[in-house]
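> Following is a predicted model, sequence given first.
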Amino acid sequence: MSEQEKQAAGENGRTPEEKVAEAVEASTEQAPELDAETELAVLRDKLAQTEKALAEADLRAQAEIQNMRRRLERDVANAHKFALEKFSADILAVADSLERGLATLPQDNEALKPAREGTELTLKVLLDIFGKYQIEQLDPAGGQFDPQQHEAMAMVPMPGAEPNSIIEVLEKGYSLNGRLIRPARVVVAKGD
């Protein structure tokens, strides 16, 4: 034994390896001796518990994967369904301009008849394209005010009109696949 090993061994002259071996031997002596059948039964019980926990973890993992797949499919479907939402909201200004232009062109003026017909055809083509992409025009004229579909721009006292009925549509509303893009801007009759 070298001088360093003797110092590491300490007072009783044992090396660290000898101390570990003694500790292992002592721990096996302290544990009560089980007969082979009992030890096998304990090990089988532990194995069954581990297999049960593993099966439960596997079921949870499969359920989580299935839920994640459903969420992804729903998100992709919504992305496809509402991909045009921002673009369609921006193009509504074109439909509004065409409708305002039609309102300013008198129907009885023969000189403006071609301009009126051209504007009507352009608006019809635009609304047909809207229909192709499930953009619906909401025209609530004469209906009841619904704060989820309409935006009240003014409330006007109107004798003879039912309270909260729409008396004028300033701008029509639009929805994309049932989701409101823009509420209809309306004037509502005020109650007495």
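Nice, I can see it.

> Going by secondary structure, the residue most central in space within the chain is in what exactly?
Nearest to the mean C-alpha position of the chain, by CA atoms, centre = their mean, lies D75 at 6.3 Å. Assigned by DSSP states H and E, D75 belongs to helix 36-81.

> and that helix, how far out from the chain's middle?
Here helix 36-81 is found 26 Å from its chain centre; the criterion is CA atoms, centre = their mean, to the nearest Å.

> next helix or strand past that helix?
Next along the chain from helix 36-81, counting by DSSP H and E, comes helix 85-104.

> Show residues contacting that next one.
The contact list for helix 85-104, computed with CB atoms under 8 Å, 6 or more residues apart in numbering, reads 116, 119-120, 122-123, 126-127, 130, 133, 135, 137, 171-172, 174, 176, 179, 181-182. In short, each C-beta sits where N, CA and C put it, glycine included.

> Mark which of these are buried, thanks.
Buried members of the contacts of helix 85-104, scored by 16 or more other CB atoms under 10 Å, are 116, 119, 123, 126-127, 130, 135, 171-172, 174, 176, 181-182.

> For those, name the two members farthest from one another.
R116 and L176 (29.2 Å; CB to CB).

> out of the contacts of helix 85-104, which are inside strands?
135, 137, 171, 174, 176, 179, 181-182 (DSSP state E).

> What score does Q7 have for pLDDT?
If you check Q7, the pLDDT there is 49.

> can you check the one 3 residues further on too?
Confidence per residue is given as pLDDT, and for G10 that number is 49.

> can you check R185 too?
93.

> One more: Q4?
50.

> ok, L105 - how many residues close by?
L105: 15 surrounding residues under other CB atoms under 10 Å.

> What of K86?
Neighbours of K86 (other CB under 10 Å): 10.

> do V186 as well
25.

> Check the gap between it and V169 for me.
5 Å (CB to CB, to the nearest Å).

> Show me the common contact partners of these two, please.
What both V186 and V169 touch, as defined by CB under 8 Å, 6+ apart, is the set P140.

> in the chain, which segments are predicted with low confidence?
1-34, 192 (pLDDT under 70).

> Can you give me the domain boundaries for it?
The chain breaks down into these domains under automatic domain parsing: 15-79, 82-190.

> Could you dump the ones in strands among the contacts of helix 85-104 into JSON lines with distance to P157 added?
Listed next are these as JSON lines, based on distance: CB to CB, whole Å:
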{"residue": "I135", "distance to P157": "35"}
{"residue": "Q137", "distance to P157": "29"}
{"residue": "E171", "distance to P157": "22"}
{"residue": "Y174", "distance to P157": "29"}
{"residue": "L176", "distance to P157": "35"}
{"residue": "R179", "distance to P157": "34"}
{"residue": "I181", "distance to P157": "31"}
{"residue": "R182", "distance to P157": "27"}
